[in-house]
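S.K.: Pasting the sequence and the predicted coordinates here, then a few questions.
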Amino acid sequence: MNAKITKDRRKETGWVKGTVGKYDECTFEAKVYSLGSSYGISDSVVSKLTITPGPKATLANCIFNHDRGLDIYECPMAVVDAVLALFPTPVCPDCGSVFITERSEIDGGGWVCDECQGTFDKPEQATKTIGFHADGSYADDAAEAQRQERMAYSEQA
């Protein structure tokens, strides 16, 4: 699945717009930060993401919405994963945690992991997905079950 950025205002506002799909059939808007957090999708740098079919992103017709928590999830995982792949998340090279902090020059510079307390010069970049956490556990079984139920219902109608 292809995803591409059409408007990048990360430096000014943190917002990014783009399209997803072979023929750009979906539109997305994402709020992207420089570091991952517990508010991000699977702890990624993307804390807000709206995906809609067609050229205009509105909440009225969205098929995926995550606003510091999952609100609407009615699209295939591959669509969300294609968008997340555009925004790699800095992680600890020792344990893979996204909870890292840049140290000031006074403290010796570099980075420190908030989980394993390891220090390192530069974080690695990892691609996060909606489906699975770094340890392989499923990100949100309830949301996936709800999505599959909606998809089955819409196929019956």
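M.R.: Noted; the coordinates are in hand.

S.K.: Over to the closest residue to residue 61 other than its chain neighbours. Which of the three states is it?
M.R.: Nearest non-adjacent residue to residue 61, counting by Cβ to Cβ, 6 or more residues apart in numbering: residue 52, 5.3 Å away. Any C-beta I mention is one placed from the backbone N, CA and C, and that applies to glycine too. At residue 52, secondary structure determined by DSSP: H, G, I helix; E, B strand; the rest coil is strand.

S.K.: these two touch, right, residue 52 and residue 25?
M.R.: No. Using Cβ atoms under 8 Å, residue 52 is not in contact with residue 25; the gap is 10.1 Å.

S.K.: quick one, which of these two is more surrounded?
M.R.: The neighbour count for residue 52 versus residue 25, taken as other Cβ atoms under 10 Å, is higher for residue 52 (21 against 12).

S.K.: could you check the distance from the more buried one over to residue 90?
M.R.: Here residue 52 is placed at a distance of 29 Å from residue 90 (Cβ to Cβ, to the nearest Å).

S.K.: Residue 46 now?
M.R.: 13 Å.

S.K.: Compute the number of surrounding residues for the nearest residue to residue 22 once chain neighbours are set aside.
M.R.: Distance criterion Cβ to Cβ, 6+ apart; nearest residue to residue 22, sequence neighbours excluded, is residue 2 at 6.0 Å. For residue 2, the neighbour count with other Cβ under 10 Å is 10.

S.K.: tell me the residue furthest from the middle of this structure?
M.R.: residue 106 (32.5 Å; Cα atoms, centre = their mean).

S.K.: Quick check on that one: phi, psi?
M.R.: phi -60, psi -40 (degrees, to the nearest 10).

S.K.: Residue 3 contacts residue 85, doesn't it?
M.R.: Yes. Using Cβ under 8 Å, residue 3 is in contact with residue 85, at 6.7 Å.

S.K.: which one of these two has more residues nearby?
M.R.: Taking neighbours as other Cβ under 10 Å, residue 3 and residue 85 compare with residue 3 leading, 22 against 13.
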